[in-house]
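Make a model of this:
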Amino acid sequence: MTTQTHAQQQTPSTSAATAAAPGGLAAEHPARLDMSAHAPEVYRAMLRLDGAANKALDPVLVELVKIRASQLNHCAFCLDMHTKDALAAGESVERIVQLSAWEESRHFYTEKELAALALTEAVTVLTDGFVPDEVYARAAEHFDEVELAHLIASIIVINSWNRIAVTCRSVPGHYTPGQYK
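Alright, predicted model coming up:
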């Protein structure tokens with residue numbers, strides 16, 4: 001998520017959502033809820049938190065983190081948004097494609113990026129009920145405390161956006177890079 005409405009602009013009309021798609025593609029599903037319209041104070045708070053979380057970090061790194069968390073959370077809307085923003089920021093298609101298998105594709109990323117991706121997975125998945133010490137320590141080796149605090153906040157915020165978009169069924173495919181900046 002960036003700086004303006006996340007779901008608001010992405011809510012297709014019901015008739016457009018159920019109409020047959022061109023080229024034999026499946027029909028677009030309708031969004032369930034426009035969070036920005038029905039809980040605007042919560043929505044605006046999320047936008048402010050998102051902006052604050054990302055301030056001390058490299059914008060391309062932030063997009064990689066957002067893409068990886070969105071992959072793990074199966075958030076098509078956020079994947080659409082953040083892959084387009086990453087490409088617009090100069091990220092390569094190759095590195096974006098390799099994100100889903102970053103541990104096998106380590107040679108595409110810097111050690112700092114690898115540490116951020118490992119932390120992203122640990123915070124996003126939490127299967128052990130905690131972030132492993134070795135994952136945190138590795139991130140702390142590559143990020144100073146201010147950067148690390150912002151990285152953790154950025155991971156938490158994208159996970160929140162993912163949960164909003166998945167629950168509200170925000171519709172992917174309509175975002176243009178920088179649309180909410």
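
And the helix or strand residue 85 falls within, what's buried?
Assigned by DSSP states H and E, residue 85 belongs to helix 76-88. Under the neighbour-count criterion of 16 or more other CB atoms under 10 Å, helix 76-88 has 76, 77, 78, 79, 80, 81, 82, 83, 84, 85, 86 buried. The way it works is simple: take the backbone N, C-alpha and C, and place the C-beta from them, glycine included.

again, but for stretch 22-37
Neighbour counts over stretch 22-37 (16+ other CB under 10 Å) mark 28, 31, 34, 35, 36 as buried.

now the end-to-end length of that stretch.
As for stretch 22-37, its first-to-last residue distance stands at 30 Å under the measure CA to CA, to the nearest Å.

What average pLDDT does that stretch get?
Per-residue pLDDT over stretch 22-37 has a mean of 89.

now do stretch 152-165
pLDDT averaged over stretch 152-165 gives 98.

Give me the most central residue, this protein.
residue 66 (3.1 Å; CA atoms, centre = their mean).

Which parts of this protein are helices?
Taking DSSP state H, the helices of the chain run over residues 14-18, 35-38, 40-54, 59-72, 76-88, 93-98, 111-125, 133-142, 145-168.

Now render those helices as CSV, adding distance to residue 179.
Below are the helices of the chain laid out as CSV (distance: least, CB to CB, whole Å):
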stretch, distance to residue 179
helix 14-18, 19
helix 35-38, 14
helix 40-54, 14
helix 59-72, 14
helix 76-88, 8
helix 93-98, 18
helix 111-125, 24
helix 133-142, 30
helix 145-168, 15
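
Give the residue spans of the protein that score low on pLDDT.
Residues of the chain meeting the criterion pLDDT under 70: 1-20, 181.

redo that, cut-off 90
1-24, 27-30, 127-129, 173, 178-181 (pLDDT under 90).

quick one: residue 113 from residue 56, how far?
16 Å (CB to CB, to the nearest Å).

Who are the contact partners of the residue nearest to the centre of the chain?
Going by CB atoms under 8 Å, 6 or more residues apart in numbering, residue 66 touches 1, 78, 82, 154, 158.

quick revisit: closest to residue 174 among the buried residues of stretch 22-37?
The nearest member of the buried residues of stretch 22-37 to residue 174, counting by CB to CB, is residue 28 at 9.1 Å.
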